[in-house]
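Please work out how this folds:
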Amino acid sequence: MMGWCCSGICRALALLALLLPLQKRGCWGLNPSSGDMEKSPHSDPGPWEVLHRHRRSWVWNQFFVLEEFTGNEPLYVGKLHSDVDKGDGKVKYVLSGEGATSIFTIDENTGDIHATKRLDREAQAYYTLQAQAVDRLTNLPVEPRSEFVVKVQDINDNEPKFLDGPYLAGVPEMSPLGTMVVQVAATDADDPTYGNSARVVYSIIHGQPYFSVEPKTGVIRTALPNMDRETRDQYVLVIQAKDMVGQMGGLSGTTSVTVTLTDVNDNPPRFTHKNYQYTVLESLPVQSVVARIKAADADIGSNAEMDYRIMDGDGSGIFNITTDEDTQDGIISLLKPLDFETKSSFSLRIEATNRNIDSNFLSLGPFSDTTSVKVTVEDVNEPPVFSTPLSKMVVSEDAKVGTSIGRVSAHDPDNSNSGIRYSIDRNTDLERFFNVDALSGVISTAKPLDREANSVHNLTIFGIESQDPTQIGKGITLITVLDINDNAPVFAIDYETLLCENAMPGQHLINYGTEDYDNTETKSFAYNQTNPQDIATAIAHDSIISRKSHRSEQLVGGYSLHPLAGSVFPVIQTISAVDKDEPVSGHRFYFALAAPVAGNLNFTLRDNKDNTASILTKRGGFRRREQPVYRLPVLIVDSGSPALSSTNTLSVRVCDCDSDGVALSCGAVAYTATGLSTGALLAILGCIITLLVMVLLIVTMRRRKKEPLILEEERDIRENIVRYDDEGGGEEDTEAFDMVTLRNLNVIRDPSVRRDVTPDTPTFFHYPSATRPSYKSLPDNVVFREFIWERLKDADVDPSAPPYDSLQTYAFEGSGSVAESLSSLESLSTDSDQNYDYLSNWGPRFKKLADLYGNSDGTSVFS
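Residues are numbered from 1 along each chain as shown. Next up, the predicted model:
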């Protein structure tokens with residue numbers, strides 16, 4: 001058997017008495033220091049042993065090891081021993097499980113178990129290990145594996161800790177004694193089931209006498225009643241938690257608790273002054289701020305919100321007071337304009353009241369306060385004021401220039417009572433129809449008026465102080481122009497009247513139309529009184545169908561028709577008139593044919609007595625060939641006083657109509673010779689076309705005729721450019737130009753040859769050399785004329801060849817100077833000290849210049 005022993009405390013005698021009967025049966029014996037019972041498996045095959053072999057089971061054994069052992073030697077835990085071990089070294093003890101070899105070790109010969117490290121119960125409270133005895137040579141187990149637990153015994157090595165600290169809490173001010181503030185809790189990591197190491201009590205170290213804490217629960221309560229936030233609004237408490245039930249030697253931990261007194265409405269508003277005085281200008285605009293006052297309230301937030309009102313005083317209708325929600329100021333604003341001359345001061349009584357009153361503190365009230373405010377008005381120089389801001393006047397349309405219409409009046413509201421001068425804002429009277437007298441304010445006409453052009457004039461009148469022209473008042477004057485009868489009536493629209501020439505007896509021409517509020521479209525068609533369906537056919541042909549009209553309608557053949565004539569008489573046109581005038585009683589027009597045509601045999605006019613008239617035909621059988629258009633002068637007279645009239649011409653065109661009465665063509669008929677067949681007409685037309693083709697061919701050929709190559713002498717060639725594609729010889733070509741001529745124009749030239757070309761044929765023109773004078777001996781005007789004519793003759797007469805790479809130049813420097821010519825072109829040598837020898841080093845392109853200017857001996861460059 002294998003037994004367990006703890007260091008020095010094994011109960012050897014008791015165990016020995018139990019183990020002796022089983023010693024020779026080869027059993028494990030367990031002797032825990034705690035006195036646990038042991039159970040040994042039988043190894044001998046006796047009869048008793050057979051009864052218990054299959055019921056063997058291991059017994060769990062606990063060993064206690066004190067945590068935080070600080071000795072220098074390994075801590076002895078216990079001893080493992082087997083009955084098989086005879087002390088001859090054949091049995092070896094093996095330890096496995098949690099912490100084996102790292103924390104716990106076993107002596108394989110003796111079975112002693114030791115702890116080699118300091119143990120911490122808070123890190124691990126127990127360890128589970130397995131022990132076994134094996135044969136040293138074969139490593140085969142001689143006893144089954146046994147499992148046991150090593151439990152770490154707690155000591156008080158952890159102080160209480162406030163895991164949620166530090167704490168923030170609040171409690172309303174003025175709270176009664178014992179009001180709960182907050183509960184704190186501390187945690188101790190020691191074993192709560194063993195001793196008092198984890199039993200904690202609470203105490204307050206800092207924060208008395210204002211607050212207290214319950215020792216067992218950690219609840220913090222107020223220790224004083226009616227603490228005032230306005231006196232002190234925050235407290236910092238220090239709370240201690242101590243284990244070992246607070247006894248001597250216990251460990252402790254602390255935390256802080258910040259307690260804030262929250263506000264309640266326990267302070268009424270109070271004005272700092274009982275009287276306030278403010279001064280404002282009388283020109284202060286309406287809705288402007290006059291003053292700001294504030295009642296002090298020691299509370300904060302919603303408890304300090306207040307409302308202001310004007311209780312009484314003589315300015316309740318002039319001023320108003322509101323609350324600024326951000327600052328809780330009382331804002332006094334102006335409701336009506338101030339007038340120093342009317343009232344120079346106002347007195348107000350203002351009350352401030354808390355908006356949110358707590359009923360628990362009504363005994364501290366009243367929660368309102370009043371004060372007096374005096375507002376003094378200062379005088380300012382105000383602009384003139386018109387007695388009537390809006391003046392209305394009327395004037396007749398035929399008023400003569402200078403007619404007085406009315407008078408405006410303004411005054412200075414200040415005590416100075418300055419004089420007023422009047423003027424018209426010309427931006428409101430751009431055409432200057434009116435004038436105003438600067439002193440009296442009388443408005444008169446300055447131009448003839450026309451009601452039809454502008455019936456109402458809106459004028460702005462300025463009133464300017466004489467003493468201070470910067471003070472300007474404004475007044476509005478509306479002038480209505482009254483109408484007179486100065487416009488004659490005229491046709492409402494330009495009428496187009498059509499008349500069918502093939503109208504049958506009983507068939508008439510009527511004007512129909514579609515009409516809206518904006519315009520009227522008039523059509524004409526013929527209809528037969530005995531067949532109303534003709535009307536519908538004609539309407540459908542022109543696609544004019546009226547669904548519904550605001551005028552009276554006539555239903556014909558399922559269509560809605562509104563004849564302009566309003567009837568089905570032989571009326572070819574219904575006319576109306578308009579008049580720009582607007583009489584009070586309305587328009588009344590009278591229609592009649594003008595006297596020259598009043599008795600004509602073709603048409604007549606009927607006045608319908610409703611400001612319209614109808615044109616009727618007196619006969620039928622109108623023919624376009626006889627007269628395509630009839631012009632009827634219509635006289636229209638209005639009912640004005642005096643009455644005005646006008647004569648308007650109505651044109652009636654005779655048209656060719658189809659069987660339905662729809663006009664096909666109107667106007668004059670072309671004359672056709674009698675007896676001329678269609679073939680003859682085609683022949684004539686063919687001849688005309690042939691002649692036109694021939695004329696076009698001749699014109700085309702003439703346009704394509706070439707122009708003569710040689711220009712006529714009288715043609716002006718100054719602006720003609722002749723281009724040749726011949727390229728000159730460049731800088732090396734010395735044959736094309738005679739530079740001497742350019743340098744000395746007074747040298748007598750041989751007119752027989754061109755100077756700018758090399759001629760192939762002799763010239764046909766020769767000057768008599770004896771008669772040619774020197775240029776210097778001629779007057780200036782003659783010199784220029786002769787020079788130019790000479791060049792012109794050379795160019796015109798010499799036909800040898802066109803110029804090669806040259807221009808005809810007519811520039812002439814002139815002569816006649818006393819000092820003679822200063823041009824270097826006449827000099828055959830140079831007197832300049834400039835050295836041009838470096839041109840020879842510039843290459844072949846500058847060889848010509850080097851030859852001209854690089855000679856230092858002064859020899860002629862043309863020699």
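
CA only for contacts and neighbour counts going forward, please
Noted.

Residue 610: neighbour count?
When counting by other CA atoms under 10 Å, one arrives at 11 neighbours for residue 610.

who's in contact with it?
Contact criterion CA atoms under 8 Å, 6 or more residues apart in numbering gives 588, 589 as the residues in contact with residue 610.

ok, it to residue 589 distance?
With the distance defined as CA to CA, to the nearest Å, residue 610 ends up 8 Å from residue 589.

gap between residue 143 and residue 78?
Remark: distance between residue 143 and residue 78 (CA to CA) = 19 Å.

my bad, should have said residue 326
Taking CA to CA as the measure, residue 326 falls 80 Å from residue 78.

between these two, who's got more neighbours?
Applying other CA under 10 Å to residue 326 and residue 78 shows that residue 78 carries more neighbours, namely 25 against 7.

Who are the packing partners of the one helix or strand that one maps to?
Element membership of residue 78 [criterion: DSSP states H and E] is strand 75-82. For strand 75-82, the packing partners by 3 or more CA pairs under 8 Å, 6 or more residues apart in numbering; DSSP states H and E come out as strand 2-5, strand 62-66, strand 112-115.

Pick out the shakiest of those, pLDDT-wise.
Ranked by mean pLDDT, these end with strand 2-5 at the bottom, a mean of 52.

and residue 476, bridged to which residues?
Using DSSP bridges, the bridge partners assigned to residue 476 are residue 390, residue 460.

ok, now which ones touch it?
Residues in contact with residue 476 (CA under 8 Å, 6+ apart) are 389, 390, 391, 458, 459, 460, 461.

Residue 464 too?
Remark: with contacts taken as CA under 8 Å, 6+ apart, residue 464 is in contact with 383, 384, 420, 421, 422, 470, 471, 472, 473.

Any idea what it is bridged to?
With DSSP bridges applied, residue 464 shows beta-bridge pairing to residue 421, residue 472.

which residue packs closest to residue 233, ignoring adjacent ones?
Closest residue in space to residue 233, ignoring its immediate chain neighbours: residue 261 at 5.0 Å, by CA to CA, 6 or more residues apart in numbering.

just residue 574 next, same as before
Of all residues beyond its chain neighbours, the one nearest residue 574 is residue 614 (4.3 Å), with distances taken as CA to CA, 6+ apart.

elements contacting the helix or strand encompassing the one you found?
When elements are assigned from DSSP H and E, residue 614 belongs to strand 612-617. Identification of packing neighbours for strand 612-617 by 3+ CA pairs under 8 Å, 6+ apart yields strand 571-578, strand 603-607.

got TSV for those strands, with mean pLDDT, distance to residue 656 and mean neighbour count too?
Supplementary listing: the helices and strands packed on strand 612-617 in TSV, determined by pLDDT from 0 to 100; distance: least, CA to CA, whole Å; neighbours: other CA atoms under 10 Å:
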stretch	mean pLDDT	distance to residue 656	mean neighbour count
strand 571-578	91	15	22
strand 603-607	92	19	18
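
before we move on, back to that, neighbour-wise, give me the winner out of the contacts of residue 476.
Counting by other CA under 10 Å, residue 461 has the largest number of neighbours within the contacts of residue 476, with 25 neighbours.

What segments of this protein are helices?
12-19, 47-52, 533-542, 678-704, 739-743, 780-797, 847-853 (DSSP state H).

Just give the nearest non-adjacent residue to residue 650, would you?
If you skip the residues right next to it in sequence, residue 650 has residue 632 as its closest partner in space, 5.0 Å away by CA to CA, 6+ apart.

Quick one: residues contacting the one you found.
With contacts taken as CA under 8 Å, 6+ apart, residue 632 has the following neighbours: 593, 597, 649, 650, 651, 652.

Next one: it from residue 663, what distance?
Summarising the geometry, the distance separating residue 632 from residue 663, computed by CA to CA, is 21 Å.

now swap in residue 852 and tell me
Distance from residue 852 to residue 663, by CA to CA: 98 Å.

Who has more neighbours out of these two?
Neighbours per residue, other CA under 10 Å: of residue 852 and residue 663, the larger number sits with residue 663, 19 against 14.

Next one: the more buried one, what pLDDT does it get?
Per-residue confidence (pLDDT) for residue 663: 83.

For residue 655, give the beta-bridge partners.
In this structure, residue 655 bridges to residue 500, residue 666 when assessed by DSSP bridges.

picking up where we left off before, can I get the helices and strands packed on strand 612-617 in a markdown table including distance to residue 846?
Output for the helices and strands packed on strand 612-617, formatted as a markdown table (distance: least, CA to CA, whole Å):
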| stretch | distance to residue 846 |
| --- | --- |
| strand 571-578 | 95 |
| strand 603-607 | 104 |
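
of those, which approaches residue 396 most closely?
Shortest distance between residue 396 and those, using CA to CA, is found for strand 571-578: 21.8 Å.

That closest one - contacts with which helices or strands?
Counting by 3+ CA pairs under 8 Å, 6+ apart, the elements that strand 571-578 packs against turn out to be strand 490-491, strand 497-500, strand 507-515, strand 612-617.

can you list contacts of the shortest one?
Counting by CA under 8 Å, 6+ apart, strand 490-491 makes contact with 575, 576, 577, 578, 579, 636, 646, 647, 648, all of which sit outside it.

Give the partner strands of that strand in its sheet and their orientations.
The sheet places strand 490-491 alongside strand 571-578 (antiparallel), with pairing taken from DSSP bridges.

I'd say residue 172 and residue 259 touch.
No: the criterion here is CA atoms under 8 Å, and residue 172 misses it with residue 259 at 10.2 Å.

could you check the distance from residue 447 over to residue 397?
Counting by CA to CA, the gap from residue 447 to residue 397 is 11 Å.

Check residue 223 too.
In this structure, residue 223 lies at 99 Å from residue 397, with CA to CA as the measure.

Phi, psi for residue 623 please.
Phi and psi for residue 623, reported as degrees, to the nearest 10, are phi -130, psi 130.

That one and residue 666 touch, don't they?
No: with contact defined as CA under 8 Å, residue 623 and residue 666 do not form a contacting pair (10.7 Å).

For the two, list the residues in contact with both.
In the contact map built from CA under 8 Å, 6+ apart, the residues linked to both residue 623 and residue 666 are residue 654.

For the nearest residue to residue 637 once chain neighbours are set aside, give me its contacts.
Nearest non-adjacent residue to residue 637, counting by CA to CA, 6+ apart: residue 645, 4.2 Å away. Listed by CA under 8 Å, 6+ apart, the contact partners of residue 645 are 488, 489, 635, 636, 637, 638.

Reformat those residues as JSON lines; add pLDDT and neighbour count.
Supplementary listing: these in JSON lines, determined by pLDDT from 0 to 100; neighbours: other CA atoms under 10 Å:
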{"residue": "488", "pLDDT": "92", "neighbour count": "19"}
{"residue": "489", "pLDDT": "93", "neighbour count": "26"}
{"residue": "635", "pLDDT": "94", "neighbour count": "18"}
{"residue": "636", "pLDDT": "94", "neighbour count": "25"}
{"residue": "637", "pLDDT": "94", "neighbour count": "20"}
{"residue": "638", "pLDDT": "91", "neighbour count": "25"}
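
Out of those, flag the one nearest to residue 343.
The shortest separation between residue 343 and any of those is 61.1 Å, and it belongs to residue 488 (by CA to CA).

quick one: contacts for the closest one?
Taking CA under 8 Å, 6+ apart, we find residue 488 in contact with 579, 637, 638, 644, 645, 646.

beta partners of the last one?
With DSSP bridges applied, residue 646 shows beta-bridge pairing to residue 636.

ok, now how distant is it from residue 114?
In this view, residue 646 and residue 114 are 145 Å apart by CA to CA.

before we move on, what about residue 487?
Distance, residue 487 to residue 114, by CA to CA: 138 Å.

Kind regards, and thank you for your time.
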